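> fold the following for me, if possible:
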Amino acid sequence: MPAEELETSWLAISLILLMILFAWGIISLFMRYQIKKNQLIQKNALLQSQYQQELLKTQLEIQEQTFKNISQEIHDNIGQALSFVKLNINTINVYQPEDTKEKLLESKKLITKTIQDLRDLSKTLNTDFIGDIGLVAAIEQQLFFLQKTGLYQTRFLVDGEASKQPMQTQIVLFRIVQELLNNTVKHAEATEVAVEIRFLPQKMSILVSDNGKGFHVAETTNGNNTPGLGFRNMQNRMAMVRGFITINSEPGKGTLALIELHK
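Below you'll find the model as predicted:
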């Protein structure tokens, strides 16, 4: 075979090999892309599933705590009011008209108040009440329950114009505030509780504080003696809604929790 033909043959073979290698490279890149894409889809599906599971768990916890609040409210306030009504009726003396009239009027006021209290409680039986009344009103209601026990002085402040948050975000924020208040009741031995909600152009913040006995914050980060949900769990839930929480406390100096959510 002439040298020129041999050189042309080798050049053709080289070009074919290069084209095969190039095609294989493209196929390999495409396969890697598809594998990565499938992995991301699976990861996203898993994260979405975990998000929905965590959200459902949060809703169930809200419902459980709400039922506890309602039970306490019925026992401490509604039950007491009805007991007073029963006492008034049992001590009525028909031969003392003025006294009878006064007791009946007092009983009427107590029954009217009890009916209103029951109506207010009925609104919280459905966990959708957060969406119905809004996050701010739902948190204020939690403080109202604390105040009515007579054990705490509460303070509630809202600064700025309330911004509408997605329902999932409201549920998570409400549950964390609810748990912080619950931890105060269980562990803090406090007499004063305050919640401040601030709506700023670029973020919203919720500050929950008490004048209780405080604790070592390090214990909430290493998993030892963690009250309630635990600091890590609160952090994870805030991460779900692209926010974060910090807790500052020292023994004898109360506790301050700051929840921040950037827009």
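> just give the nearest non-adjacent residue to Lys113, would you?
Ala81 (6.5 Å; C-beta to C-beta, 6 or more residues apart in numbering). Just so you know, the C-beta spots here come from the backbone N, C-alpha and C atoms, and that holds for glycine as well.
> settle this for me: the one you found is touching Thr112, isn't it.
No. The pair Ala81 / Thr112 is not scored as a contact, 10.1 Å apart, by C-beta atoms under 8 Å.
> what sits against Met204?
Taking C-beta atoms under 8 Å, 6 or more residues apart in numbering, we find Met204 in contact with 160, 163, 165, 197-198, 260-261, 263.
> ok, of these, which come out buried?
For those, a neighbour count by 16 or more other C-beta atoms under 10 Å gives the buried set as 165, 197, 260-261.
> among the residues you listed, which pair sits farthest apart?
Gln165 and Glu260 (13.0 Å; C-beta to C-beta).
> can you tell me which of the buried ones among the contacts of Met204 is nearest Glu140?
Ile197 (9.2 Å).
> the helix or strand Arg232 falls within packs against which elements?
Assigned by DSSP states H and E, Arg232 belongs to helix 231-240. Counting contacts by 3 or more C-beta pairs under 8 Å, 6 or more residues apart in numbering; DSSP states H and E, helix 231-240 packs against helix 3-73, helix 167-183, helix 218-221, strand 243-249.
> try it again at 10 Å.
Judged by 3 or more C-beta pairs under 10 Å, 6 or more residues apart in numbering; DSSP states H and E, helix 231-240 is in contact with helix 3-73, helix 167-183, helix 218-221, strand 243-249, strand 255-262.
> tell me which helix or strand comes right after the longest one.
Next in sequence after helix 3-73, counting helices and strands by DSSP H and E, comes helix 79-90.
> quick one: mean pLDDT for that following helix?
For helix 79-90, mean pLDDT rounds to 72.
> quick one: low-confidence ranges for this structure?
Scanning the chain for pLDDT under 70 picks out 1-57, 59-61, 63-79, 119-129, 219-229.
> returning to what we had before: how about the helix holding Arg232: buried residues?
In helix 231-240, counting by 16+ other C-beta under 10 Å, buried: 231, 234-235, 237-238, 240.
> repeat that for stretch 136-149.
136, 138-143, 145-146.
> equivalent analysis for stretch 105-121, please.
Buried residues in stretch 105-121 (16+ other C-beta under 10 Å): 107, 110, 114, 117, 121.
> can you check stretch 172-186 too?
172-185.
> list of residues touching stretch 149-160?
72-73, 76-77, 136-137, 139-140, 142-148, 181, 184-185, 188, 190-201, 204-205, 207, 209-211 (C-beta atoms under 10 Å, 6 or more residues apart in numbering).
> at 7 Å what do you get?
Residues from elsewhere that reach stretch 149-160 (C-beta atoms under 7 Å, 6 or more residues apart in numbering): 76, 136, 140, 143, 146-147, 190-200.
> and stretch 96-111, by the same measure?
So stretch 96-111 is contacted by 81, 84-85, 88-89, 92-94 (C-beta under 7 Å, 6+ apart).
> circling back: distance to His216 added to the buried ones among the contacts of Met204, as JSON lines?
Putting the buried ones among the contacts of Met204 into JSON lines (distance: C-beta to C-beta, whole Å) gives the following:
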{"residue": "Gln165", "distance to His216": "33"}
{"residue": "Ile197", "distance to His216": "28"}
{"residue": "Glu260", "distance to His216": "23"}
{"residue": "Leu261", "distance to His216": "27"}
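> nearest to Gly252, of the residues you listed?
Nearest to Gly252, judged by C-beta to C-beta, of those is Glu260 at 26.3 Å.
> who's the closest residue to the closest one other than its chain neighbours bridged to?
Nearest non-adjacent residue to Glu260, counting by C-beta to C-beta, 6+ apart: Ser205, 4.8 Å away. Legend: beta-bridge partners of Ser205 under DSSP bridges are Arg198, Glu260.
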